[in-house]
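In: return atomic coordinates for the entry below.
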Amino acid sequence: MYLENQAEMEMSQAGAQGHQGRGFKELRLLQGISEGRDAHKASGCVLHTEGFVAVRPEDGFSVVNILRKKSTSATLTERSPLLRFSQDDGMTYMTLHDPGFLGGEESWDGGSLDLEKRYRLGSEVTGLSASRSSSSEKSDALDSLNLGPRFTSSVKCCFRVSKIATMFTIVVLCSLFFSMYPDRDDPTRLLAVSPSDSFSVNLTDFRDNALLKLQVGGPFTRGKVDLQDQDYILVQVEQTEQAGQRRRRTQQVVYNWTIPLHEERSDQILLTKTFEMLSSDPIVITFQAFLPDNEVVPLSMTHQSLYVTVETQVAIAGVILTGVYVLIIFEIVHRTLAAMLGSLAALAALAVIGDRPSLVTVVEWIDYETLALLFGMMVLVAIFSETGFFDYCAVKAYQLSRGKVWPMIFILCLIAAILSAFLDNVTTMMLFTPVTIRLCEVLNLDPRHVLIAEVIFTNIGGAATAVGDPPNVIIVSNQDLRKEGIDFASFTGYMFLGICLVLLTSFPILRLLFWNKKLYNKESIEIVELKHEILVWRQTAQRINPASREETAVKCLLMQKVLNLESLLRKMMKTFHSQISQEDKNWEQNIQELQKKHRITDTVLLVKCVFVLAVVIFMFFLNSFVPSIHLELGWIAILGALWLLVLADIQDFEIILHRVEWATLLFFAGLFVLMEALAQLQLIDYVGEQTALLIKAVPEDQRLAVAIILVMWVSALASSLIDNIPFTATMIPVLINLSQDADVNLPVKPLIYALAMGACLGGNGTLIGASANVVCAGIAEQHGYGFSFIEFFRLGFPMMIMTCVIGMCYLLATHVGLGWNM
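Out: A predicted model of the protein is given here:
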């Protein structure tokens, strides 16, 4: 809307102006002007430009030469409008001022060839401007080395070519590996067992040095089996290798897998286990049921041959995860593309080891409920922003803090933490991010640091209740943990006390981390606004699809506008020497000015938005406490978006869709596939098993304290690197089995609370550690204030370390010191 209004203003301002200056030449972009002159003399509209010159081959076509050119027209400045109207020969001409291309004697008569050159200019300028804005520190470092521009451009060109060649080679290899192997052929076998009838199957198509991956489905429950009081299924895997050239005598291997049955026989659960086999000899799999009566239990079974050991699979998964983080940390590619490349590499690895999933299976790995929640809330916030409510909230927050920055930041962080304890973290950040950005623009603050602080406290507050974070929901929904006394009330009561302690200590820690950082922009508000205007013009030009000559010319013209504004920005930076005050002394007067400028623009639409949003939030609460409502969070968000679209009577639907963060949605889809593929490569199971082995190796008198510390920090570090949802789901049965092991003798409550504390607080470690982090970064990037992985890591990782230390002390004090283990 801003760009459209500004374009209309520029077109209307110069309606009566004629062609000024000498040397202007016209390029008519529409063909057949002479033929259509007579037919459309009264109402014809011809688009032409002023000041376009041809690029001579001997001059070379580069941005450096263009930037060195100076306008020969004194009447045009950097602020000259893009569009002007003039009357000539009874026809309406829409003049596009382009002073940057003056200085040549030749006219631009080519047409498509010259338009293509202008389009190349736009692409080159886009890359130059983006690199200048996103990596100014790197440019300063290069300038300090006194390197020549040709040498610097050559190094950048070589680096770019090598990067593209390396990544393309890896992508081609992964694509070839993925296409060379078929989908896994694992037909499901249905069977039924009882105490009197067992079931056996012989597997003959097996290779040497292979692993048997067995998946069994049935009414199971997770946890350790009590052979005296609980019903269970015994799965026996047996292989006998006869004497021959490889072995002098017969060797036999037998594996027993005990699976407990659910009391109600209702929940269908798939369990997977991998067995190491000796050779390609036949394998016998036997199913037996141990029940008090002659009851029949229906089961399903699939098997798969894997050609790589578990340790090798874990190593491959570690390499893929490291590569994804290298791409994101060093910003080699966009994080969405990095997730997609990691997913492709993981799928190729599964294909090589013989476990390639089908397309239907890969699609099932995506958590569509999360994507539906994100999409619905994005639509709600997009319509909400049209009311001016976010500007109004920004002014009120400024008034409440009395013009002081840090009280305002603390208020925003505290409100975000409280809301995230009862709402989903993603929903909280989608509501708070636009308000924070607008508030920082009003106060001339850098929104990046404030947004990072808010999302950190959102993740902390989400750990306080059973519904604030997905790992907590998984924990309180587990039936085995409910039998141990971990229900909604007890979990929320314990975690709420600990998170309140973490919050109280996090505020001074946050202030300490920002001690030497200036939250105010280093430039004046005019310079900041000009920079943001340049970014908006550039993004607008990038979104134009050059499908026709006219669109190509408009895109090139917009990029020339960017060049002109950047020239003006350099002049302003040279003359700017004043320092910004760290506290606004005239805050009362500023509030009056801001209240006049930023007010509610559409009261009727605001009422509709508040009504729908209130219903959606109420349904979120109701969904957590009333089991009879069969609507998940994703459905509630989608239905709320449909309600508001109907009430708001949106005519131009594409404007709303343009504000949806499609890159963020695609990133989550790729991340879900990547994490599930890494889980198929045994990475998460391996981490859980190694954690259990370390706990068992500790002396018994120190085992509880070491177990709390180990589970806490492993969960925190793992959740900062991988998705905490599959990690939590994997660690719960591991910890339950560990607590029920007679040789370990550990209570389950301290281990589960340590898992919850680490999984929730660990999301602050990296940018992709929590969903709220990615959503906040995506919205900020759409507004022109995106922050990188390193920028988030510099603040988020120290906060994660300090909050985990406080949480660990709380766990040790309550469970080891006070003995709250029952």
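In: for residue 284, give me phi and psi.
Out: phi -110, psi 120 (degrees, to the nearest 10).
In: in terms of helices and strands, where is residue 217?
Out: strand 211-218 (DSSP states H and E).
In: and the contacts of the helix or strand just after that strand?
Out: Following strand 211-218 in sequence order, the next helix or strand is strand 232-241 (DSSP H and E). With contacts defined as C-beta atoms under 8 Å, 6 or more residues apart in numbering, strand 232-241 is touched by 193, 212, 214, 216, 218, 220, 225, 247, 250-261, 275, 277-279, 281-290, 297, 299. Using the backbone N, CA and C atoms, a C-beta is placed for each residue, glycine as well.
In: which of those are buried, as a PyMOL select command?
Out: Here is the PyMOL command that picks out the buried ones among the contacts of strand 232-241, judged by 16 or more other C-beta atoms under 10 Å:
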select buried, resi 193+212+214+216+218+220+225+255+257+259+260+261+275+277+278+279+281+283+285+287+288+289+297+299
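In: circling back to that earlier point, what lines up beside the strand holding residue 217 in the sheet?
Out: strand 269-276 (antiparallel), strand 297-306 (antiparallel) (DSSP bridges).
In: what about the protein, any weak spots by pLDDT?
Out: Along the chain, the model assigns pLDDT under 70 to residues 1-151, 185-186, 207-209, 222-229, 244-248, 403, 516-525, 573-590, 624, 821-822.
In: C-alpha coordinates for stretch 251-271, PDB please?
Out: The C-alpha trace of stretch 251-271 is given here as PDB (Å, rounded to 0.1, in the frame of the first residue of the first chain):
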ATOM      1  CA  GLN A 251      26.700 -70.600  15.000                       C
ATOM      2  CA  GLN A 252      23.300 -69.400  16.100                       C
ATOM      3  CA  VAL A 253      22.000 -66.000  17.100                       C
ATOM      4  CA  VAL A 254      18.800 -65.400  19.000                       C
ATOM      5  CA  TYR A 255      17.200 -62.000  19.900                       C
ATOM      6  CA  ASN A 256      14.200 -61.600  22.200                       C
ATOM      7  CA  TRP A 257      12.100 -58.500  22.000                       C
ATOM      8  CA  THR A 258       9.500 -58.000  24.600                       C
ATOM      9  CA  ILE A 259       6.600 -55.600  23.900                       C
ATOM     10  CA  PRO A 260       4.100 -54.700  26.600                       C
ATOM     11  CA  LEU A 261       0.400 -54.600  25.700                       C
ATOM     12  CA  HIS A 262      -2.000 -51.800  26.500                       C
ATOM     13  CA  GLU A 263      -4.700 -52.600  29.100                       C
ATOM     14  CA  GLU A 264      -7.600 -51.400  26.900                       C
ATOM     15  CA  ARG A 265      -6.100 -52.900  23.700                       C
ATOM     16  CA  SER A 266      -7.100 -49.700  21.900                       C
ATOM     17  CA  ASP A 267      -4.000 -47.700  21.000                       C
ATOM     18  CA  GLN A 268      -2.300 -48.800  17.800                       C
ATOM     19  CA  ILE A 269       1.400 -48.100  18.100                       C
ATOM     20  CA  LEU A 270       4.200 -48.800  15.600                       C
ATOM     21  CA  LEU A 271       7.500 -49.900  17.200                       C
END
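In: residues making contact with it?
Out: 214-227, 230-241, 273, 275, 277-278, 291, 297.
In: also stretch 483-491?
Out: 466, 472, 475, 476, 478, 748, 749, 752, 756, 822.
In: stretch 195-204 too?
Out: With C-beta under 8 Å, 6+ apart, stretch 195-204 has contacts from 189, 191-193, 212, 282-291, 293-295, 299, 301, 303.
In: in it, what's buried?
Out: Going by 16+ other C-beta under 10 Å, stretch 195-204 has these buried residues: 195, 199, 203.
In: closest to residue 740 among these?
Out: Relative to residue 740, the closest of the buried residues of stretch 195-204 is residue 195; by C-beta to C-beta it sits at 24.5 Å.
In: can you classify the closest one as helix, strand or coil?
Out: coil (DSSP: H, G, I helix; E, B strand; the rest coil).
In: what separation do you get for it and residue 294?
Out: From residue 195 over to residue 294 the distance is 6 Å, taken as C-beta to C-beta, to the nearest Å.
In: check residue 282 too.
Out: Counting by C-beta to C-beta, the gap from residue 282 to residue 294 is 31 Å.
In: ok, residue 485 to residue 370 distance?
Out: Counting by C-beta to C-beta, the gap from residue 485 to residue 370 is 30 Å.
In: those two: who's more crowded?
Out: residue 370 (22 against 11; other C-beta atoms under 10 Å).
In: off-centre distance for the helix or strand hosting that one?
Out: Residue 370 is located in helix 368-384, with elements delineated by DSSP H and E. Distance, stretch centre to chain centre, for helix 368-384: 14 Å (C-alpha atoms, centre = their mean, to the nearest Å).
In: then stretch 657-671?
Out: For stretch 657-671, the distance to the chain centre is 8 Å (C-alpha atoms, centre = their mean).
In: who touches that stretch?
Out: By C-beta under 8 Å, 6+ apart, stretch 657-671 touches 334-336, 339-340, 342-343, 366-367, 370-371, 374-375, 378-379, 382, 385, 723, 768, 771, 774-775, 778-779, 782.
In: buried members of the residues you listed into PyMOL, please.
Out: Selecting only the buried entries of the contacts of stretch 657-671 in PyMOL, with 16+ other C-beta under 10 Å as the criterion:
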select buried, resi 335+336+339+340+342+343+366+367+370+371+374+375+378+379+382+385+723+768+771+774+775+778+779+782
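In: now the buried residues of stretch 195-204 in a markdown table, with distance to residue 162?
Out: As requested, the buried residues of stretch 195-204 are arranged in a markdown table below (distance: C-beta to C-beta, whole Å):
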| residue | distance to residue 162 |
| --- | --- |
| 195 | 66 |
| 199 | 58 |
| 203 | 48 |
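In: quick one, helices of the stretch 651-800 of the chain?
Out: 653-658, 662-680, 683-696, 703-721, 724-740, 748-761, 771-782, 789-811 (DSSP state H, counting those that start in this stretch).
In: for residue 438, find the nearest of those helices.
Out: Closest among the helices of the stretch 651-800 of the chain, using C-beta to C-beta: helix 771-782, at 12.0 Å.
In: what's the closest one in contact with?
Out: Residues beyond helix 771-782 that count as contacts (C-beta under 8 Å, 6+ apart) turn out to be 335, 370, 374, 420, 425-426, 428-430, 433-434, 437, 447-448, 451, 454-455, 458-459, 462, 659, 661, 663-664, 667-668, 763-764, 766-768, 786-787, 792, 796.
In: of the residues you listed, buried ones?
Out: 335, 370, 374, 420, 425-426, 428-430, 433-434, 437, 447-448, 451, 454-455, 458-459, 462, 661, 664, 667-668, 763-764, 766-768, 787, 792, 796.
In: wait, residue 787 touches residue 451, no?
Out: Yes. Using C-beta atoms under 8 Å, residue 787 is in contact with residue 451, at 7.2 Å.
In: burial count for residue 671?
Out: As a burial measure, residue 671 scores 26 neighbours (other C-beta under 10 Å).
In: fine by me, thanks again.
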